[in-house]
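Student: sequence and predicted structure are below.
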Amino acid sequence: MSDPIESAILDRLNQLGEGKSVEPAEIAKILQPEQWQRMLPKVRATALGLMRQGKLTITKKGKPVDPDAFRGVTRLRLPTADETALAVSKLPPKPEVEDEDDF
């Protein structure tokens, strides 16, 4: 994991523990305390990507949001096993890699 935003999000959530959530602004403030408002859109975009991969859940009023249609105040938390499975099932299939022995 080389993305510092992704690392900051997941590190903070792992520190908090299961079931706990954090505001995206808190992550932005960790990364750039003086100009966190500039970092906030990048944090939100990274969180959305993590949600689509099943590594994160974005919630609003404690309920998971639809990653394609949400607005407003949200929080980030680690996903449940069911949420991860659902997100992974929505990912496009990986292309099959041919075996080198087949040539």
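Tutor: Structure's in. What do you need? Numbers count the residues shown, from 1 in each chain.

Student: list the buried ones in stretch 47-61?
Tutor: Going by neighbour count (16 or more other CB atoms under 10 Å), the buried part of stretch 47-61 is 47-48, 50-51, 54-58. Bear in mind the C-beta positions are built from the backbone N, C-alpha and C, glycine included.

Student: that should have said stretch 26-39, apologies.
Tutor: Using 16+ other CB under 10 Å as the test for burial, stretch 26-39 gives 26-31, 36, 39.

Student: residue 19: neighbouring residues, count only.
Tutor: If you count neighbours by other CB atoms under 10 Å, residue 19 ends up with 8.

Student: nope, residue 10 is what I was after
Tutor: Neighbours of residue 10 under the rule other CB under 10 Å: 19.

Student: give me the pLDDT for it.
Tutor: At residue 10, the model reports a pLDDT of 95.

Student: ranges for the helices of the chain?
Tutor: Listed in chain order, the helices of the chain (DSSP state H) span 4-16, 24-31, 36-52, 81-90.

Student: quick one: distance of the last one to the chain centre.
Tutor: Taking the mean C-alpha point of helix 81-90 and that of its whole chain, the gap between them comes to 13 Å (CA atoms, centre = their mean, to the nearest Å).

Student: what's that helix in contact with?
Tutor: 51-55, 57, 64, 79 (CB atoms under 8 Å, 6 or more residues apart in numbering).

Student: what is the nearest of the buried residues of stretch 26-39 to residue 68?
Tutor: Residue 68 lies nearest to residue 27 out of the buried residues of stretch 26-39, by CB to CB, at 21.8 Å.
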